[in-house]
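Enquirer: Just a sequence and a predicted model for now, questions to come.
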Amino acid sequence: GIASTSQTECPEGTYQPNSNQTSCIDTNPGNFSPAGASSQTPCPVGTYGPNSAMAACLAAEPGHYVWQPMQTEQIPCPPGKFQPNIGATSCLSAHEGHYIPGEGSTGQEAGFVLFAGIECEPGTYSDRRGLDACKEADPGHYVPAGGAIEQLACSAGFNQPSMGATECLSNEPGYYTYESGTANPLACQGGSYQPDSESTGCIETDPGHYAAGPADTSQTPCTTGTYAPDGVADQCKTADAGHYVSGEGSTGQEACTAGTHQPSTGESSCLDADPGHYTDQDAAAEQVPCSPGTYQGSAGQTSCTESDWGYHVPEPGSAEQVLCPAGTYQPSTGKSDCYPAEKGRYVSSAGATESTPCEKGTYQSEEGQAECLEADPGHYSESEGSEAQIPCARGSYQGESAQTECINSEPGYYVFTSAATSPTACDPGLYQPL
């Protein structure tokens with residue numbers, strides 16, 4: 001071979017650790033070497049060597065870092081972090097109230113706040129460093145401005161059912177929230193109401209009023225026929241039978257007074273007892289018919305009247321008394337019937353209080369008669385109150401009616417049969433001295 005008179009220095013990116021060599025060795029990726037190097041040198045932190053035969057390592061670019069020596073590639077800053085400088089060994093975290101959405105942020109992107117990150121928009125917040133997205137405000141909360149580090153709870157009287165809100169909603173009338181941070185308002189329940197917005201509670205109904213619920217904005221007075229004795233009523237009570245409520249907004253029912261009644265519930269007035277009826281106590285649901293022997297001609301009465309002498313009341317619930325008809329009489333009050341005239345007696349006109357005995361010469365064999373019968377010819381009635389006529393005995397006669405005695409046959413005459421109306425003359429050759 002040709003003899004060399006000098007040795008040659010290994011060029012940059014190569015090295016040779018041995019003597020008597022004819023060539024140099026390329027550095028491995030992640031290493032470098034200057035000219036004349038006898039060994040390769042690892043890339044220090046903050047740099048990297050992606051190729052072989054590198055004379056120098058590359059500094060980590062903005063948005064990247066290299067945290068270990070002898071690395072072949074740089075690492076992009078993860079979401080939530082950034083790096084504006086070269087040769088960095090780590091990344092910087094986004095500040096509270098800010099975020100960084102993607103990898104490799106240099107801190108130079110549009111909207112980037114110097115050394116902080118992108119500001120959280122209203123309705124969102126970031127409560128710690130290093131977030132890649134801001135948190136939406138929870139229901140019941142809000143964030144009014146950008147760059148917020150916390151969400152704010154809606155005050156009592158307000159609500160917010162949605163996420164990411166920038167303000168709270170006022171409670172509408174009929175609704176309330178009693179504590180902060182409430183997502184959905186509560187409806188006023190039956191027995192309460194709320195006419196105002198932004199309310200923290202409901203108003204209990206007054207006695208005489210009700211609120212059916214839910215979410216009533218006002219109380220309603222009880223209608224006639226109903227009442228509410230206490231507050232906090234979701235409905236009014238119906239007046240009981242025997243009671244009434246005459247006006248709106250009543251706190252109690254009133255009992256029907258004696259002389260009136262009410263069979264139905266929920267009524268605004270009582271009914272007068274009808275003629276022929278009465279009520280003698282308060283709170284009567286039903287009227288009472290006058291019993292037989294009594295009557296009532298007027299409405300709204302508390303008692304019935306006994307029938308007078310000579311009258312009777314045969315049916316219950318009568319509005320008037322009835323005259324005893326001819327042939328009957330009634331000596332007492334409060335009776336349901338009349339007495340028939342007894343045998344031997346009569347009642348000639350209606351409304352009698354007693355019967356009259358038949359006069360002498362008359363009789364009556366049946367009850368309930370308006371007159372007496374005259375004794376027939378051949379008969380007589382000798383005393384008052386006779387129940388039957390008496391036939392004239394043999395030897396006597398009576399040719400007229402209504403007589404009190406018979407006539408004895410005269411001398412020269414005879415009466416062979418009873419009940420004779422005339423005597424018979426003795427036949428020729430016969431005589432009768434008596």
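Expert: In hand now; what should we look at?

Enquirer: Show me which positions of stretch 137-149 end up buried.
Expert: 137-143, 146-148 (16 or more other C-beta atoms under 10 Å). For the C-beta atoms, the positions are set from N, CA and C on the backbone; glycine is no exception.

Enquirer: should've said stretch 75-91
Expert: Using 16+ other C-beta under 10 Å as the test for burial, stretch 75-91 gives 75-83, 86-88, 91.

Enquirer: Quick check: end-to-end length of that stretch?
Expert: End-to-end distance of stretch 75-91 (C-alpha to C-alpha, to the nearest Å): 10 Å.

Enquirer: Now tabulate the buried residues of stretch 137-149 in JSON lines and tack on distance to residue 112, secondary structure and pLDDT.
Expert: Formatted as JSON lines, those follow (distance: C-beta to C-beta, whole Å; DSSP: H, G, I helix; E, B strand; the rest coil; pLDDT from 0 to 100):
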{"residue": "137", "distance to residue 112": "23", "secondary structure": "coil", "pLDDT": "98"}
{"residue": "138", "distance to residue 112": "27", "secondary structure": "coil", "pLDDT": "98"}
{"residue": "139", "distance to residue 112": "31", "secondary structure": "coil", "pLDDT": "98"}
{"residue": "140", "distance to residue 112": "32", "secondary structure": "coil", "pLDDT": "98"}
{"residue": "141", "distance to residue 112": "27", "secondary structure": "strand", "pLDDT": "98"}
{"residue": "142", "distance to residue 112": "26", "secondary structure": "strand", "pLDDT": "98"}
{"residue": "143", "distance to residue 112": "20", "secondary structure": "coil", "pLDDT": "98"}
{"residue": "146", "distance to residue 112": "14", "secondary structure": "coil", "pLDDT": "95"}
{"residue": "147", "distance to residue 112": "13", "secondary structure": "coil", "pLDDT": "95"}
{"residue": "148", "distance to residue 112": "18", "secondary structure": "coil", "pLDDT": "97"}
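
Enquirer: Present those residues as JSON lines; the columns should include distance to residue 276.
Expert: Formatted as JSON lines, the buried residues of stretch 137-149 follow (distance: C-beta to C-beta, whole Å):
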{"residue": "137", "distance to residue 276": "80"}
{"residue": "138", "distance to residue 276": "77"}
{"residue": "139", "distance to residue 276": "73"}
{"residue": "140", "distance to residue 276": "72"}
{"residue": "141", "distance to residue 276": "77"}
{"residue": "142", "distance to residue 276": "77"}
{"residue": "143", "distance to residue 276": "83"}
{"residue": "146", "distance to residue 276": "90"}
{"residue": "147", "distance to residue 276": "92"}
{"residue": "148", "distance to residue 276": "87"}
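
Enquirer: So what would you say the end-to-end distance of stretch 165-185 is?
Expert: Using C-alpha to C-alpha, the two ends of stretch 165-185 sit 16 Å apart.

Enquirer: Next, give phi and psi for the spatially most central residue of the chain.
Expert: Most central in the chain under C-alpha atoms, centre = their mean is residue 235, positioned 5.3 Å from the mean C-alpha point. For residue 235, the backbone dihedrals are phi -160, psi 160 (criterion: degrees, to the nearest 10).

Enquirer: Per-residue pLDDT of it, please?
Expert: According to the prediction, residue 235 has pLDDT 97.

Enquirer: Leaving aside the residues adjacent along the chain, what's closest to it?
Expert: residue 210 (5.5 Å; C-beta to C-beta, 6 or more residues apart in numbering).

Enquirer: wait, the one you found sits on residue 219?
Expert: Yes. Counting by C-beta atoms under 8 Å, residue 210 touches residue 219, with 6.8 Å between them.

Enquirer: residue ranges with poor pLDDT in the chain?
Expert: 1-4, 429-432, 434 (pLDDT under 70).

Enquirer: residue boundaries of the helices in it?
Expert: Counting by DSSP state H, the chain has no helices to list.

Enquirer: roughly how far apart are the closest residue in space to residue 410 that isn't next to it in sequence and residue 123?
Expert: Counting by C-beta to C-beta, 6+ apart, residue 410 lies nearest to residue 423, which is 6.7 Å off, once chain neighbours are set aside. Separation of residue 423 from residue 123 (C-beta to C-beta, to the nearest Å): 146 Å.

Enquirer: again with residue 348
Expert: 112 Å.

Enquirer: Kindly tell me how buried the closest residue to residue 248 other than its chain neighbours is, as a neighbour count.
Expert: Once flanking residues are discounted, residue 248 sits nearest to residue 221: 4.5 Å by C-beta to C-beta, 6+ apart. Burial of residue 221 is recorded as 17 neighbouring residues (other C-beta atoms under 10 Å).

Enquirer: Residue 221 contacts residue 208, doesn't it?
Expert: Yes. Counting by C-beta under 8 Å, residue 221 touches residue 208, with 6.3 Å between them.

Enquirer: ok so, going back, how many neighbouring residues does the residue nearest to residue 410 have?
Expert: Residues lying near residue 423 (other C-beta under 10 Å) number 20.

Enquirer: How about the contacts made by it?
Expert: Remark: with contacts taken as C-beta atoms under 8 Å, 6 or more residues apart in numbering, residue 423 is in contact with 397, 409-410, 413-415.

Enquirer: excluding its backbone neighbours, what's nearest residue 200?
Expert: Looking at residue 200 with C-beta to C-beta, 6+ apart, the closest residue is residue 156, at 4.5 Å.

Enquirer: repeat for residue 77
Expert: Nearest non-adjacent residue to residue 77 (C-beta to C-beta, 6+ apart): residue 91, at 3.8 Å.

Enquirer: Contact partners for that neighbour?
Expert: Neighbouring residues of residue 91 by C-beta under 8 Å, 6+ apart: 65, 77-78, 81-83.

Enquirer: And for residue 402?
Expert: 361-362, 374-375, 381.

Enquirer: Return the member of those residues nearest to residue 185.
Expert: residue 362 (103.4 Å; C-beta to C-beta).

Enquirer: tell me, how many neighbours does that closest one end up with?
Expert: Neighbours of residue 362 (other C-beta under 10 Å): 22.

Enquirer: Okay then, goodbye and thanks.
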